[in-house]
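> structural data only, the sequence is not supplied:
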């Protein structure tokens, strides 16, 4: 099992940047594929980005390509989401998730709020 904890959310103006972190417990973090998802008020949860256990492959949703970057540091048991050029539509609770491929994302963090507003 793995336990996840997000941090780094907050209030930022449009055009600003934030970096989210997802810290994982345990010694097997490097064996998990990881992902970021978000849920805006009144909307369904949506995929944002994912990264393979090795960091060798990343995927980003079309809505964040060119603005967000996902990365991980397996030595620190931490995943990151660098968010640049933030827009009001990026306002949501951001969750990190973990899975052992090819299984589903079975582990969740508690989420961190990101609010983009002037």
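Perfect, thanks for sending it. Everything numeric here is computed off the predicted structure, so don't read it as measured data. Numbering: from 1, shown residues only.

> lowest-scoring secondary structure element of the protein by mean pLDDT?
strand 107-108 (a mean of 94; mean pLDDT, DSSP states H and E).

> what's across from the residue most central in space within the chain in the sheet?
Against the mean C-alpha coordinate of the chain, by C-alpha atoms, centre = their mean, the closest residue is residue 36 at 2.9 Å. Going by DSSP bridges, residue 36 is paired in beta bridges with residue 49, residue 96.

> pretty sure it sits against residue 94.
Yes. If you go by C-beta atoms under 8 Å, residue 36 and residue 94 touch, sitting 6.1 Å apart. To be clear about C-beta, it is placed using only N, CA and C from the backbone, and glycine gets the same treatment.

> one step back: show me what the least confident helix or strand of the chain is packed up against.
strand 92-99 (3 or more C-beta pairs under 8 Å, 6 or more residues apart in numbering; DSSP states H and E).

> give the contact list for the nearest residue to residue 8 once chain neighbours are set aside.
Nearest non-adjacent residue to residue 8, counting by C-beta to C-beta, 6 or more residues apart in numbering: residue 20, 4.2 Å away. Counting by C-beta atoms under 8 Å, 6 or more residues apart in numbering, residue 20 touches 6-9, 36, 80-81, 83, 94, 96, 112, 114.

> apply 7 Å and report the result again.
Contact partners of residue 20, counting by C-beta atoms under 7 Å, 6 or more residues apart in numbering, are 6, 8-9, 80-81, 83, 94, 112.

> and for residue 82?
Here residue 82 is in contact with 19, 68-69 (criterion: C-beta under 7 Å, 6+ apart).

> now swap in residue 26 and tell me
Residue 26 touches 1-2, counting by C-beta under 7 Å, 6+ apart.

> looking at this, it is in a strand?
No. Checked against DSSP: H, G, I helix; E, B strand; the rest coil, residue 26 lies outside a strand; its state is coil.

> which ones are touching the residue nearest to the centre of the chain?
Neighbours of residue 36 in contact, by C-beta under 7 Å, 6+ apart: 48-49, 70, 81, 94, 96.
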